[in-house]
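Trainee: Provided below are the primary sequence and the corresponding predicted coordinates.
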Amino acid sequence: MNNGETSTSMVKKYRPLAVAAGIGSILGSGIIVGLSATITVWQNGLGLTNSQVGIISGALTFAIAIGSLLAGQITKSFGLVKSFNWLNLIYAIGALICVFSNNYIMLLIGVIITGLASGADLPISLTVVSHDAPDDKTSASLVSSTQIFWQIGVFMSYVCAFIVSKMAGASGARIVFSILAIFALITWAWRTFSTKFRAFHEEGEQRRIDREAASQTTKKVSIKTVFAGANKGRFMAFFFSILIFYVCWNLLANTFGQFQTFTLVQAHASQSFATGAGIVLNFISLLATMAFASVAGGKYRNKFFLVGITVQFLAMLGLAMSSHSLWPIVITIGCYNIGNNIAGEAMYKVWTQEAFPVEVRASVQGFINGFSRVCCGLFALITPALVVPSAIRNTMFGFAAIVFISFVAGLTMMRLEKKHGINNF
């Protein structure tokens, strides 16, 4: 059996683990989009003020950020596998509090609990996948595939919110959050009680111990030893390249995710057209993510990245130079969604898992996720003023500059990986 066949069989064998981790991504995007799509329903059903709506939305953003920042500490306190198994139960508890909430405070508490669990779960899930995977190529393929589930979560949330939008009071929003709670409970049970996953975890831990023994490493790996040890220059270069890339990418992704409908309405689209376009554009994003996942562990990965980042840059220039007509904006946003998912979060996830020792991956990725969320939360405060017709031209030129910065950071990361022999692409 050749290497390609071996790698394919390994990906197939470990696919259920990636799916279990990927459902965590569905829940992560589901709570963000689900709350965004139903917040006006909650407002009408519970009689919330505009300021309370803003606080709830902001609380979710910062809860996810804090959860991400605490991911490393959570794994140290409870263990990597135990954290992976039980976080979704906490998520379900938060979602159920939202389902049964009858006032502002109860909804706020539920959103915060769900956000904290969601924020911590993503970096921990990816670390478990890369920890258990038998080799780097299998790990890259499995980790990148979890991004498909993120897009599925976005798509499902939009569709569910659309279906229940005509229901009276807060009933529709309660149904959306009930669906999220059910998914979380199923995932908790699957991760916790699967004998196959237990075997994967044990085999992965044994491989880690064997690697340490083979390299005659006795010193415990920690954030301090990685960033202040003999190879600190290498790891600091990895860290800042990935951090700059992801923050720049996420500023645009978050902006279009939150304000895509707003931008289309500003271009004189009807609310129904803008919502329908959002569903179609998210389906395009899903296809692009699947395309990248198919090459994430192979020699074409970097070529896909370069194509994707170029499409993003040209899309921003296209939005800057196009008129305020609706269809050019729709087409350009569609192109952006393709490039954004070919050279985006899936690439960031793979880089982070490849570049750092397994013992610190949850901490590093958790910090980058959390820091990025904080930046996006602060940037969202001024975004509405940047996407109105009178300002959007200059804004898109600025976004093109941000894409270029992310390109430089990504190119630097690719060269660092080649320099340090992480892959042979």
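Mentor: Thanks, I have the structure now.
Trainee: Can you identify the element that follows the helix or strand harbouring N85 toward the C-terminus?
Mentor: Taking DSSP states H and E as the criterion, N85 maps to helix 80-99. The first helix or strand that comes after helix 80-99 along the chain, using DSSP H and E, is helix 104-132.
Trainee: list the buried ones in the helix or strand following that following helix?
Mentor: As assigned by DSSP H and E, the chain's next helix or strand after helix 104-132 is helix 136-163. For helix 136-163, a neighbour-count test (16 or more other CB atoms under 10 Å) marks 137-158, 160-162 as buried. In this view, the C-beta of every residue, glycine as well, is placed from N, C-alpha and C.
Trainee: quick one: stretch 223-238 to chain centroid distance?
Mentor: Computed by CA atoms, centre = their mean, to the nearest Å, the chain-centroid distance of stretch 223-238 equals 25 Å.
Trainee: So for that stretch, what gets flagged as buried?
Mentor: Neighbour-count burial for stretch 223-238 [16+ other CB under 10 Å]: T225, V226, F227, F235, A237, F238.
Trainee: Using TSV, please lay out those together with secondary structure, pLDDT and distance to G334.
Mentor: As requested, the buried residues of stretch 223-238 are exported to TSV (DSSP: H, G, I helix; E, B strand; the rest coil; pLDDT from 0 to 100; distance: CB to CB, whole Å):
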residue	secondary structure	pLDDT	distance to G334
T225	helix	89	46
V226	helix	91	41
F227	helix	92	40
F235	helix	95	38
A237	helix	96	35
F238	helix	97	33
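Trainee: May I ask which two of these are separated the most?
Mentor: Across these, the longest distance by CB to CB is 16.7 Å; it joins T225 and A237.
Trainee: that older thread, now the helix holding N85: mean pLDDT?
Mentor: Computed over helix 80-99, the mean pLDDT rounds to 96.
Trainee: Run through the neighbouring helices and strands of that helix.
Mentor: helix 3-46, helix 50-78, helix 104-132, helix 171-193 (3 or more CB pairs under 8 Å, 6 or more residues apart in numbering; DSSP states H and E).
Trainee: Repeat the analysis, applying 10 Å as the threshold.
Mentor: helix 3-46, helix 50-78, helix 104-132, helix 171-193, helix 195-214, helix 358-379 (3 or more CB pairs under 10 Å, 6 or more residues apart in numbering; DSSP states H and E).
Trainee: right, so the ones you listed: which one is the most enclosed?
Mentor: helix 104-132 (a mean of 25; mean count of other CB atoms under 10 Å).
Trainee: Spit out the contact partners of N340.
Mentor: Going by CB atoms under 10 Å, 6 or more residues apart in numbering, N340 touches 249, 252-253, 256-257, 285, 288-289, 308-309, 311-312, 315, 333, 403.
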